[in-house]
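Q: what follows is a predicted protein model with its sequence.
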Amino acid sequence: MGRPTVVPYEGFNDEDDAKALKAAFKGFGSDEDAIIDIITRRSNEQRRQIATRFKTMYGKIKLRTLIKRTKKRTERNFEDLIIALMTEPTEFQAKQLHKAISGLGTDEKTIVEILAVHNNEDVIKIADEYEGLYQTSLEADIKGDTSGTLKRLLVSLSTGHRDESDVVNKDAAFQDAQDLLQAGELLFTGTDESVFNQVMCQRNRPQLRLVFEEYEKLVGHPNRNGDRKRILRNNKRSAFATNRMRKR
Ligand SMILES: [Ca+2]
């Protein structure tokens, strides 16, 4: 991918940009649009000035690390989107799964995302495609790459055993909501993903909706903590993926 030439931004103010970036990085997620907007519309020299200013203003926070992380994620999302537009959905999902599994460590997020968004029928098609492409079963590869409770859940999902009933239970939803809230509050650095994954993988769709409703009631009002935002964002991500599939 070619690197665009960026002309110096007129009316540039390193302090304003540093402040804007600090605000955009604040909290759990980050306001990626704002960050991208700033870093892609300043010249190299201006970016260096912002970094220096950022350091004097905020000391310990490493702007470079924050930006690198965001940039990587955004570039990857963009690449994924282009590939998605050019590939058959089933093949694309199979390839994404393979990428997630074969990489170093386990990309749980991607595996959960793909398996949790698709219904059993689609998951079985994706698993067939996977086996055709890689001469090994999705189930076996997931078994080899994951561990613990998540392993059991993902193996079950990968063989098309998701609960697709409409049976809902309000008490269970309340319990899940409490567990999610606790998982988010106990760990300062982020939501305990294992709880999130378990809920996402095990509950049927109407039940999940109920869980999120209960969660909202517990949390009380929006933005009380980043955990809710994170859950909504994960939901949004799944919704985006689902919509993408439906449009095809
Ligand atoms: Ca791996």
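A: All right, it came through fine.

Q: care to break this protein down by domain?
A: 14-80, 91-247 (automatic domain parsing).

Q: next, format these as JSON lines and append distance to Val7.
A: All C-beta spots, glycine's among them, are computed from the backbone N, C-alpha and C. Formatted as JSON lines, the domains of the chain follow (distance: least, CB to CB, whole Å):
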{"stretch": "domain 14-80", "distance to Val7": "7"}
{"stretch": "domain 91-247", "distance to Val7": "33"}
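
Q: got JSON lines for these, with mean neighbour count too?
A: Output for the domains of the chain, formatted as JSON lines (neighbours: other CB atoms under 10 Å):
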{"stretch": "domain 14-80", "mean neighbour count": "15"}
{"stretch": "domain 91-247", "mean neighbour count": "16"}
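
Q: I'd like these written out as TSV, with mean pLDDT added.
A: Formatted as TSV, the domains of the chain follow (pLDDT from 0 to 100):
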stretch	mean pLDDT
domain 14-80	73
domain 91-247	79
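
Q: and Pro8, which of these is closest to it?
A: Nearest to Pro8, of all these, is domain 14-80, at 4.4 Å by CB to CB.

Q: helices of the chain, start to end?
A: 14-25, 32-40, 44-58, 63-86, 89-102, 108-117, 120-134, 138-145, 148-158, 170-186, 193-202, 205-219, 226-247 (DSSP state H).

Q: Glu164: which of the ones you listed is closest?
A: helix 120-134 (6.0 Å).

Q: elements contacting the closest one?
A: On a contact count with 3 or more CB pairs under 8 Å, 6 or more residues apart in numbering; DSSP states H and E, helix 120-134 meets helix 89-102, helix 138-145, helix 148-158.

Q: distance to Glu213 added to these, as TSV?
A: As requested, the helices and strands packed on helix 120-134 are exported to TSV (distance: least, CB to CB, whole Å):
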stretch	distance to Glu213
helix 89-102	29
helix 138-145	31
helix 148-158	23
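
Q: show me the one of those helices that comes nearest Thr110.
A: Comparing the helices and strands packed on helix 120-134 by CB to CB, helix 89-102 comes nearest, at 3.9 Å.

Q: could you check how far Ala183 is from Val168?
A: 22 Å (CB to CB, to the nearest Å).

Q: using PDB, list the CA coordinates for stretch 199-215.
A: The C-alpha atoms that make up stretch 199-215 are tabulated as PDB, following Å, rounded to 0.1, in the frame of the first residue of the first chain:
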ATOM      1  CA  VAL A 199     -22.100 -15.500  27.400                       C
ATOM      2  CA  MET A 200     -21.700 -14.800  23.700                       C
ATOM      3  CA  CYS A 201     -21.100 -18.400  22.800                       C
ATOM      4  CA  GLN A 202     -23.700 -20.100  25.000                       C
ATOM      5  CA  ARG A 203     -26.800 -18.000  25.000                       C
ATOM      6  CA  ASN A 204     -29.300 -17.900  22.200                       C
ATOM      7  CA  ARG A 205     -30.000 -14.600  20.500                       C
ATOM      8  CA  PRO A 206     -33.200 -13.600  22.300                       C
ATOM      9  CA  GLN A 207     -31.500 -14.500  25.500                       C
ATOM     10  CA  LEU A 208     -28.500 -12.300  24.700                       C
ATOM     11  CA  ARG A 209     -30.700  -9.400  24.000                       C
ATOM     12  CA  LEU A 210     -32.200  -9.900  27.400                       C
ATOM     13  CA  VAL A 211     -28.800 -10.100  29.000                       C
ATOM     14  CA  PHE A 212     -27.800  -6.800  27.500                       C
ATOM     15  CA  GLU A 213     -31.100  -5.200  28.700                       C
ATOM     16  CA  GLU A 214     -30.500  -6.400  32.200                       C
ATOM     17  CA  TYR A 215     -26.900  -5.200  32.000                       C
END
